[in-house]
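Undergrad: For reference, the sequence and a predicted model appear below.
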Amino acid sequence: MKKYLNPKELPSLPSAGKTKKETNEKVSFFETVFKIARTVPRGRVTSYGAIADASGLKLTGRMVGWAMNAAGNAKPAVPAHRVVNSKGELSGRHHFATPTLMQELLEQEGVVVKEDKIANFKAVFWDPGQPTPKKSIKKKA
């Protein structure tokens, strides 16, 4: 039987080819995924595939899922509960401390979940590859 590496036990993470300005060391694809996941607004969700597309790297949704599995140890924290599969299903729920924690965290942010699936997925989906529209500032009369 083939053994796979546990991402939590890796001494150094695979390189994505980008460099950090201050140390000139390579940035891992994990760090790239985590950085994108940290931008998902409260009350919104994105998918593994959307993060893969937004990364600019040759990542697949499955690779993003692998990185999100290791997100529990990331500093600063990564809101991994906001990342679901392309159908809006809470496919990563079993990687949380309890199988219901992902749903509980989403519901605390106002996201409706029914039978382990985002009820209004299209309405709360946030695409990290699209620019966020700026809120219009209303001028007082």
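TA: All right, it came through fine.
Undergrad: Next one: the residue most central in space within the chain relative to E31, how far apart?
TA: Closest residue to the average C-alpha location of the chain: A37 at 3.6 Å, with CA atoms, centre = their mean. The gap separating A37 from E31 is 11 Å, by CB to CB, to the nearest Å. (Each C-beta comes from the backbone N, C-alpha and C, glycine too.)
Undergrad: can you tell me which residues contact the closest residue to S91 other than its chain neighbours?
TA: Distances taken as CB to CB, 6 or more residues apart in numbering put N85 closest to S91, at 4.3 Å, once the chain neighbours are dropped. Counting by CB atoms under 8 Å, 6 or more residues apart in numbering, N85 touches 47-48, 61, 91.
Undergrad: Now the closest residue to the residue nearest to the centre of the chain other than its chain neighbours, what are its backbone angles?
TA: Of all residues not flanking A37 in the chain, V78 sits nearest, at 5.0 Å (CB to CB, 6+ apart). Here is the backbone geometry of V78 (degrees, to the nearest 10): phi -110, psi 130.
Undergrad: Quickly note the distance from V78 to K114.
TA: According to CB to CB, V78 and K114 sit 25 Å apart.
Undergrad: For the protein, just list every one of the helices.
TA: Counting by DSSP state H, one finds helices in the chain at the ranges 29-37, 48-54, 61-69, 101-108, 121-124.
Undergrad: quick one: buried residues of the third one?
TA: It stands for helix 61-69. 61, 63-68 (16 or more other CB atoms under 10 Å).
Undergrad: about what we covered before: isn't the residue nearest to the centre of the chain up against A70?
TA: No. Applying CB atoms under 8 Å, one finds A37 not in contact with A70, separated by 11.5 Å.
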